[in-house]
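A.B. asks: Got a predicted structure plus its sequence, pasted below:
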Amino acid sequence: MIGPIKIGPDEKTTNQKHGAKGAPKNMKPQAITKTIDMGDGKIITLETGVLAKQADGAVTVRLGDTILLATVVATKEAREGIDFLPLQVEYREKFSAAGRFPGGFFKREARPSDHEVLTSRLIDRALRPLFPDDFHGDTQVVVTLMSSDKKNQADAIACLAASAALAVSNIPFGGPVSEVRVARINGKYILNPTLEETLGNDLDLIVAGTKADILMVEGEMQEVQEADMIEAIKLAHQAIQKQCVAMEELSAMVPKSQTKRTYNHENNIAEIGQKIHDFCYQKYYDLAMAPSGKEERMEKFAAIKEACLATLADEEKTDKAMLARFFKKTQKKAVRNVCLDHGKRLDGRKTDEIRPIWAEVDVLPGTHGSAIFTRGETQAINLLTLGSSMDEQTIDRATAKTSERFMLHYNFPSFSTGEVKPIRGPGRREVGHGNLALRALKPVIPGIETNPYTIRLNCDILESNGSSSMATVCSGTLALMDAGVKIKAPVSGIAMGMISDGNRHAILSDILGDEDFLGDMDFKICGTAKGITATQMDMKVDGLPYEVLAQALEQARQGRLHILGEMMKTLDAPRADYKEHAPRIITITIPKESIGAVIGPGGRVIQEIQAETGAHISIDEVDGMGHVEIMSENKASIDAALARVNAIANPPQAEVGANYKGRVKTIMPYGAFVEVMPGVDGLLHVSELDWKRIERVEDVLKEGDVIEFQVTGKDPRSGKLKLSRRALLPKPEGYVDREPAMEGGRGGDRPYRGDRPRRDDRPRRDDRPREDRGPSNN
């Protein structure tokens with residue numbers, strides 16, 4: 001994949017220079033490669049054995065000229081007290097991969113961007129379920145974009161690269177697993193589409209899975225039907241199966257991967273586990289049969305645990321991590337069986353029942369839009385802000401630099417779950433949940449033609465017991481309508497779960513936090529009454545039939561329509577107008593050649609207009625025209641700025657002989673330049689200031705004065721208007737006009753010097769012979 005280094009005829013390798021005996025001429029290791037034909041001319045190449053050989057596993061993946069390097073390293077021993085898999089998944093993009101410099105002062109890649117965080121999450125969610133439950137070694141997967149052709153999207157092959165690195169290592173892993181992107185453009189499904197191919201799509205999904213099952217789905221859609229999404233998932237799974245076979249074949253070619261490392265990260269004593277099961281199972285079962293709230297339920301589960309611990313000998317309680325695993329396993333089994341046996345849930349609801357909902361809008365008077373959405377013990381408040389194009393978020397990625405005019409930020413403070421934690425920046429979970437809500441609402445945000453605003457939604461979770469991201473979607477819809485944004489349709493969201501023992505399936509609507517933990521599948525579906533706009537699925541069960549998935553999606557559709565109906569009781573349509581204190585934006589187009597005049601030298605003109613009117617003005621060139629955006633909270637301010645811009649871009653013609661009033665812009669020794677109208681200046685000569693003689697212009701005028709004057713003509717050479725102030729002043733008695741200037745500008749009877757006869761017929765003095773010169777002055 002990376003070609004050999006060529007050595008010139010006069011150059012030698014290090015071994016050859018020092019005379020190493022038997023050294024091979026080319027020191028590059030032999031690469032092990034495998035190719036995958038994705039169809040439509042898209043070939044994926046896997047290669048290992050050349051780069052990063054000290055990692056436990058390293059693979060390069062190439063699609064077109066987009067190349068990823070994936071490495072994986074895991075410790076052989078687990079840290080003391082660790083009872084989970086400490087897995088780190090990092091996706092990074094090198095700006096040099098696309099021939100670009102990073103922005104900012106240091107010109108170096110820094111903290112991961114939201115795109116890198118979201119891609120890392122996609123990989124993590126596909127890999128994590130496939131590690132053995134008892135493997136607790138520190139594991140780090142790093143996927144790096146090394147080359148980009150700016151056509152093929154790297155996130156579509158990032159999980160493939162990570163899984164391939166695990167496949168060629170000796171780290172225990174239940175893969176292989178892979179991800180593909182599937183998009184639908186004009187009714188046609190395309191696998192791993194290029195950036196150009198994704199234009200105009202109405203479905204964009206990332207699907208992850210093994211040869212046997214689907215593990216993860218995430219994406220956005222333009223109000224598509226559930227059946228269309230299932231069809232896309234099926235098509236993606238076929239491509240995933242092909243990639244998994246290729247990884248198995250690659251793994252078979254690497255000797256190290258044939259024998260997985262042995263480990264012993266858990267100490268499980270079956271006898272103690274059986275004691276805990278015998279003591280706790282029926283008590284947990286009975287507790288799950290009696291409806292209770294979150295805090296009450298936690299206290300009762302803890303009381304059962306303490307009672308059980310009191311029955312154990314001291315030597316049996318030394319390994320706290322082992323005991324925690326047994327209690328967790330027993331509690332999970334009991335609660336799941338209650339749901340499968342009786343269709344009852346922890347809070348007493350039926351499997352398809354939604355928790356009580358209430359909502360309120362216009363809750364904060366200082367915002368441009370606000371809403372509270374509460375469902376059961378989950379509550380979200382969403383605040384909306386309207387801004388101009390200058391408030392757009394700049395996205396500076398390695399492969400492109402773009403901007404976004406719709407933003408949604410999700411915050412999850414610790415008090416929402418009754419905990420104490422330090423307040424820091426948003427974590428990966430917050431970035432992921434916010435992105436899901438943004439993708440759900442983005443399809444209904446009106447275009448710039450009808451909505452010139454930049455929009456920011458800022459959501460804080462005030463209470464949480466399941467599905468806070470879906471509360472963000474619902475509160476976001478209400479805040480948008482409260483602000484008067486003319487969304488295409490309201491959007492609601494619902495979190496679903498499923499419990500299965502292989503034969504029985506219980507599909508749960510509007511899941512609790514506890515149900516998320518104990519279920520085999522959780523997925524979130526967002527959409528309008530017409531169809532789905534976004535989804536996120538994580539499946540932990542093997543062999544889930546597509547029929548069950550279709551049933552779950554239909555139950556989700558019924559649930560989100562119910563939630564949508566409850567939301568509409570609060571506010572059923574966008575308000576007719578924006579809030580009084582919300583900024584107003586007027587957009588106009590001006591000729592391209594007028595953009596410079598409106599901006600002025602160094603931005604002087606536009607800054608002056610903004611300072612004098614109080615409006616905010618931005619100008620962009622769009623499709624060969626100037627796109628001008630004027631924003632202010634004051635209508636008079638907008639009108640004044642609009643008049644100034646129009647006067648500059650489409651200046652009216654000043655009429656000779658007409659009187660005007662204007663501001664003195666600049667004073668010169670010979671006169672003053674005065675603004676006749678916005679963007680049009682004229683010269684008021686010093687001789688036209690008054691009927692009497694004026695020695696210094698500053699004696700009469702100063703910059704900034706507003707004076708009245710008359711347009712008397714136009715200079716044929718400069719095109720500047722000629723102005724006169726004295727024409728509007730009374731003419732003094734006895735004033736005698738100067739005689740009009742003769743040719744050359746001289747008056748009186750004195751002949752024009754140029755009319756004198758030239759003495760071209762006699763030579764110049766210095767050119768005459770010496771004897772012909774006159775007497776010397778000396």
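C.D. replies: Perfect, I can see it now.

A.B. asks: So what pairs up with residue 219 in the strands?
C.D. replies: Applying DSSP bridges to residue 219 yields these beta-bridge partners: residue 205, residue 535.

A.B. asks: State the pLDDT value of it.
C.D. replies: Residue 219 is assigned a pLDDT of 94 by the prediction.

A.B. asks: try the one 5 residues further on
C.D. replies: The score at residue 224 is 95. That number is its pLDDT.

A.B. asks: Name all residues that make contact with the closest residue to it other than its chain neighbours.
C.D. replies: Once flanking residues are discounted, residue 224 sits nearest to residue 531: 5.0 Å by C-beta to C-beta, 6 or more residues apart in numbering. From N, CA and C alone the C-beta is placed, and that goes for glycine too. Contact criterion C-beta atoms under 8 Å, 6 or more residues apart in numbering gives 221-225 as the residues in contact with residue 531.

A.B. asks: cool, residue 599 as well?
C.D. replies: When contacts are taken as C-beta under 8 Å, 6+ apart, residue 599 is in contact with 605-606, 619.

A.B. asks: about what we covered before: how near is the residue nearest to residue 224 to residue 228?
C.D. replies: Here the distance between residue 531 and residue 228 works out to 8 Å (C-beta to C-beta, to the nearest Å).

A.B. asks: Kindly report the same for residue 194.
C.D. replies: As defined by C-beta to C-beta, residue 194 lies at a distance of 22 Å from residue 228.

A.B. asks: Neighbours of the closest residue in space to residue 269 that isn't next to it in sequence, how many?
C.D. replies: Taking C-beta to C-beta, 6+ apart, and ignoring the residues beside it in sequence, residue 269 has residue 322 as its nearest neighbour in space, at 6.9 Å. When neighbours are counted by other C-beta atoms under 10 Å, residue 322 registers 19.

A.B. asks: Could you report the pLDDT at residue 322?
C.D. replies: Residue 322 carries a pLDDT value of 89.

A.B. asks: which element is it on?
C.D. replies: helix 320-342 (DSSP states H and E).

A.B. asks: what pairs with whichever helix or strand comes after that helix, and is each one parallel or antiparallel?
C.D. replies: Elements were assigned by DSSP H and E; along the chain past helix 320-342, the next helix or strand is strand 357-361. For strand 357-361, the paired strands and their directions (DSSP bridges) read strand 369-375 (antiparallel).

A.B. asks: and the direction of whichever helix or strand comes after the partner strand versus that of strand 369-375, what angle?
C.D. replies: Helices and strands here follow DSSP H and E; after strand 369-375, the next one along the chain is strand 378-387. Interaxial angle of strand 378-387 relative to strand 369-375 (axes from the mean of the first three to the mean of the last three C-alpha atoms, to 10 degrees): 160 degrees.

A.B. asks: Tell me if I'm right that residue 711 and residue 660 touch.
C.D. replies: Yes: under the contact definition of C-beta atoms under 8 Å, residue 711 touches residue 660, with a separation of 6.6 Å.

A.B. asks: Need the overlap of contacts for those two.
C.D. replies: Among the neighbours of residue 711, those also in contact with residue 660 (C-beta under 8 Å, 6+ apart) are 654, 676.

A.B. asks: can you give me the helices in the chain?
C.D. replies: Ranges of helices in the chain, per DSSP state H, are 14-17, 114-127, 158-167, 226-252, 270-289, 294-311, 320-342, 428-441, 468-483, 513-518, 546-568, 595-599, 604-613, 635-649.

A.B. asks: Tell me which of the ones you listed lies nearest to residue 49.
C.D. replies: When these are compared for distance to residue 49 using C-beta to C-beta, the nearest one is helix 226-252, at 10.2 Å.

A.B. asks: tell me the angle the closest one makes with helix 546-568.
C.D. replies: Our comparison of helix 226-252 with helix 546-568, counting by the same axes, to 10 degrees, yields an angle of 130 degrees.

A.B. asks: Mind listing what's buried along helix 226-252?
C.D. replies: By 16 or more other C-beta atoms under 10 Å, the buried positions in helix 226-252 come out as 226, 228-229, 231-233, 235-237, 239-240, 242-244, 246-247, 250-251.

A.B. asks: Ok, stretch 611-621 next?
C.D. replies: Burial within stretch 611-621, assessed by neighbour count using 16+ other C-beta under 10 Å, is assigned to 613, 615-619.

A.B. asks: could those be laid out in a markdown table, adding pLDDT?
C.D. replies: Shown next, in a markdown table, are the buried residues of stretch 611-621 (pLDDT from 0 to 100):
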| residue | pLDDT |
| --- | --- |
| 613 | 92 |
| 615 | 92 |
| 616 | 91 |
| 617 | 91 |
| 618 | 90 |
| 619 | 91 |
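
A.B. asks: ok, so of the residues you listed, who is nearest residue 114?
C.D. replies: Top of the list for closeness to residue 114, among those and by C-beta to C-beta, is residue 618 at 24.7 Å.

A.B. asks: Could you list the low-confidence segments of the stretch 451-600 of the chain?
C.D. replies: The stretch 451-600 of the chain contains residues with pLDDT under 70 at 543.

A.B. asks: just the stretch 1-150 of the chain next, same as before
C.D. replies: Judged by pLDDT under 70, the stretch 1-150 of the chain has its weakly predicted residues at 1-26.

A.B. asks: hmm, back to that, list the buried residues in the helix holding residue 322.
C.D. replies: Going through helix 320-342 with 16+ other C-beta under 10 Å, the ones that come out buried are 321-323, 325-327, 330-340.

A.B. asks: Now do stretch 33-48: everything it contacts.
C.D. replies: The contact list for stretch 33-48, computed with C-beta under 8 Å, 6+ apart, reads 1, 31-32, 57-64, 152, 157, 160, 164-165, 168, 190-192, 239, 242-243, 246-247, 249-250, 253-254.

A.B. asks: hmm, 6 Å instead?
C.D. replies: Contacts of stretch 33-48 with the rest of the structure, by C-beta atoms under 6 Å, 6 or more residues apart in numbering, involve 1, 31-32, 59-63, 164, 168, 191, 243, 246, 249-250.

A.B. asks: Any quick PyMOL command for the buried ones out of those residues?
C.D. replies: Taking 16+ other C-beta under 10 Å as the burial criterion, the selection of buried members of the contacts of stretch 33-48 in PyMOL is written as:
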select buried, resi 1+32+59+60+61+62+63+164+168+191+243+246+250
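
A.B. asks: which among the contacts of stretch 33-48 gets closest to residue 356?
C.D. replies: Of all those, residue 191 has the smallest distance to residue 356: 43.4 Å, by C-beta to C-beta.

A.B. asks: Look up how far residue 629 lies from the closest one.
C.D. replies: Residue 191 is 40 Å from residue 629, by C-beta to C-beta.

A.B. asks: and if you look at residue 176?
C.D. replies: Noted for residue 176: a distance of 51 Å to residue 629, by C-beta to C-beta.

A.B. asks: So between those two, which is more surrounded?
C.D. replies: In terms of neighbours (other C-beta under 10 Å), residue 176 is the more surrounded of residue 176 and residue 629; the figures are 23 against 19.

A.B. asks: Wait, that one touches residue 163, no?
C.D. replies: Yes: distance between residue 176 and residue 163: 4.8 Å, which falls inside the contact criterion (C-beta atoms under 6 Å).

A.B. asks: list residues touching both of these two?
C.D. replies: Applying C-beta under 6 Å, 6+ apart, one finds that no residue jointly contacts residue 176 and residue 163.

A.B. asks: residues contacting residue 724?
C.D. replies: The contact partners of residue 724, by C-beta under 6 Å, 6+ apart, come to 688, 710, 712.

A.B. asks: And the pLDDT for the nearest residue to residue 518 once chain neighbours are set aside?
C.D. replies: The shortest distance from residue 518 to any residue other than its chain neighbours is 4.7 Å, reached at residue 332 (C-beta to C-beta, 6+ apart). Residue 332 is assigned a predicted lDDT (pLDDT) of 91.

A.B. asks: How about residue 756?
C.D. replies: For residue 756, the pLDDT comes out at 47.

A.B. asks: got it, and the one 5 residues further on?
C.D. replies: If you check residue 761, the pLDDT there is 48.
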